[in-house]
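Participant: fold the following, please.
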Amino acid sequence: MDGTARARDASAAPGYTPIADHGLIGDLRSAALVGTDGTIDWYCCPSFDSPSVFAAILDAGRGGSFELSAAVPAHTKQFYFPDTNVLITRFFTEDGVGEVQDFIPLDGESTTQRPHRLIRRVLCVRGTVPFRTRVAPRFGYGAHPHTVRLTGGVAVFESRELSLALTATVPLEADETDVWADFKLTEGDTAVLTLDQLDADRSPNRCECGEAEREFAATVAYWRRWLSSSRYRGRWREMVHRSALTLKLLTYAPTGAIVAAPTTSLPEDPGGERNWDYRYVWVRDAAFCVYALLRLGFTEEAEAFMAFVSRHVSPGDCKGSGPLQIMYGIDGRTDLTEQELGHLGGHHGSAPVRVGNAAADQMQLDIYGALIDSIYLYDKWAEPVSSGQWDDVTALVDWVCAHWDQPDEGIWETRGGRKNFLYSRLMCWVAIERAIRMAQRRGLPADLTRWRASRDTIYRRIMSSGWSASRQAFMQHEGGDVLDAAVLMMPMAKFIAPTDPKWLSTLDSLTEDLVSDSLVYRYDPQASPDGLHGDEGTFSICSFWYVEALTRAGRLDEAALAFEKMLTYGNHLGLYAEQIGPTGEQRGNFPQAFTHLSLISAAFNLDRALG
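Facilitator: Numbering: from 1, shown residues only. Got it, this is the predicted structure:
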């Protein structure tokens, strides 16, 4: 096919690969989604929150992609090279079997300094397989024009902010914007395509087959060496380790930041407006990640995140939202201005596509409990906190003691006005209670008299104003009568005994109102308006919290069944988005740290309870 015909093909609006039909690769700085058809349709370079190079998952016509697949009809299967984040997509054709090995190299020695490179290694493992590739970058979220220069078998894509070089061991062709190749491999043959970030001091460097093989081996060794530190040996080892590997992929090595997800604007409500940018450090999500990784024995990530906290999340003036922002950039920046990209149509037409996140300006009091709880666990299981860190903790706790009774936007970042959310009160209680434990255990200076008085006042407020006698359950917020799955954290936070009659009654009410085949809705937006249009799916972190609540209540048969059902909703690689739709489809940004950290916690506690 000639270049003109190819250009016509590219201009035709292709379909969208479902969110679940992807695997994730990365190098602890950025990440890419690879579809089961072999197409990379999401990739930001050089970091998680950089403008996209490939974003076909958000606009199949204008977003850009890196296609690589069999050139004849084939069915595909995808899996991770065992115990790694190296992704393999296999193509089964009439005349043979081929595979693409996708990874971004890591060797453990220079994760923050080595040049950014994406490698696609193509092999024919049986018979003969023809392959076809088309590399169509669209820089700056598809808004920045670029040129292509093809010389000496190297294609250089240049835009105003970023230049990339495509090298290949097969002949390349190009037009004004794209590069393509057709090639055939027989059993034992290998081809390599690499996409390198270029700068003024670096010229394109072809990656030959031997070098790609060495990079493959080094990357496999890196991931296996990292995973070998896991202490988990329970029933669900494969799923727990896949979740741990996913959380590691969401860490940003240069600063120790942990992003909530590597994507933006994947819809929670297809066709609706619930599309958000999650490529940032939520204090809550990252703190929970630290808890999950510490549980498994990974202390290095906790140490790196604590360094990020010390450097960027110290108490300060954050525009009236309290001494902390709820989220930060991966480099610690506080300006995350939200804007809409009107030129992108959104996944299956789910507009708007957003970058930045206006929720950064919200007040969410629960983050203080999440953060101080993670510091408490780090101090207990890893390294004692420093005197400077303790000074920051005491400043935060003093602020919580003075402000815990303010209304806020809550854990779910509602845009319908501030309320007195029970979960926010609960986590303020956690912040003070954990700090008291640290002070007593370490003999650290603290205003314990004030702290204990505030802690006890919060407890009594929740038990009186958060409890509905008519519903026989703890409510979403004071003065309301609707349920919220966030209260599933009450026994996990050790606020209430998991067999307390009030809690068991609440658990029964949640089961009746918010649970569907083990899947849990976080709340009913019709009964509790959140300022947004449309509905949403079940919230997967809540589903795993439900498993843990059943476990702690001693209802182990129900917990085990709910957990096993929940595992059936993961994708073919064991990855989860934020939510699950009514027919089992993944919704929202993908993969989601929140979901995977709660899977780890539920598996750990259920396994221990089962003995």
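
Participant: looks like Y16 contacts S350 (just checking).
Facilitator: No. Counting by CB atoms under 8 Å, Y16 sits too far from S350 to count as a contact (9.9 Å). In short, each C-beta sits where N, CA and C put it, glycine included.

Participant: which one's more surrounded, those two?
Facilitator: For Y16 versus S350, neighbours defined as other CB atoms under 10 Å are more numerous around S350 (22 against 19).

Participant: tell me, how many residues neighbour the residue nearest to the more buried one when sequence neighbours are not counted?
Facilitator: Once flanking residues are discounted, S350 sits nearest to P267: 3.6 Å by CB to CB, 6 or more residues apart in numbering. Residue neighbour count, defined by other CB under 10 Å, stands at 28 for P267.

Participant: give me the pLDDT for P267.
Facilitator: According to the predicted model, the pLDDT of P267 comes to 94.

Participant: who's in contact with it?
Facilitator: Going by CB atoms under 8 Å, 6 or more residues apart in numbering, P267 touches 274-275, 346-348, 350, 587-588.

Participant: how much space separates it from P445?
Facilitator: Applying CB to CB, to the nearest Å, the value for P267 to P445 is 49 Å.

Participant: ok, the residue sitting nearest the centre point of the chain - contacts?
Facilitator: Among the residues of the chain, A261 comes closest to the average C-alpha position under CA atoms, centre = their mean, at 2.6 Å. Each residue near A261 by CB under 8 Å, 6+ apart is listed here: 250, 278-279, 578, 588-593.

Participant: Provide the backbone phi and psi angles at T93.
Facilitator: Per-residue torsions, T93: phi -110, psi 180 (degrees, to the nearest 10).

Participant: not counting its neighbours along the chain, what's nearest it?
Facilitator: A74 (4.5 Å).

Participant: just the pLDDT at the one you found, thanks.
Facilitator: Model confidence at A74 (pLDDT) stands at 97.

Participant: again, but for G322
Facilitator: So G322 comes in at 83 (pLDDT).

Participant: isn't it right up against M363?
Facilitator: Yes. Using CB under 8 Å, G322 makes contact with M363 at a distance of 5.7 Å.

Participant: make CSV out of the contacts of A261 and add neighbour count and distance to D199.
Facilitator: Listed next are the contacts of A261 as CSV, based on neighbours: other CB atoms under 10 Å; distance: CB to CB, whole Å:
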residue, neighbour count, distance to D199
L250, 28, 26
Y278, 26, 28
R279, 27, 22
E578, 26, 35
G588, 29, 35
N589, 27, 30
F590, 25, 30
P591, 32, 30
Q592, 28, 32
A593, 29, 30
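
Participant: what's the farthest-apart pair in those residues?
Facilitator: Spatial extent of those (CB to CB) is set by the pair L250 and G588 at 14.7 Å.

Participant: pull the longest strand from the protein.
Facilitator: Longest strand in the chain, counting residues (DSSP state E): strand 117-136.

Participant: mind listing the strands for the stretch 451-600 of the chain?
Facilitator: In order along the chain, the stretch 451-600 of the chain carries the following strands (DSSP state E, counting those that start in this stretch): 467-468, 473-474, 515-516, 519-520, 538-539, 579-580, 586-587.

Participant: contacts for the last one, please.
Facilitator: Put plainly, it is strand 586-587. Residues from elsewhere that reach strand 586-587, judged by CB under 8 Å, 6+ apart: 18-20, 266-270, 536-537, 571, 576-581.
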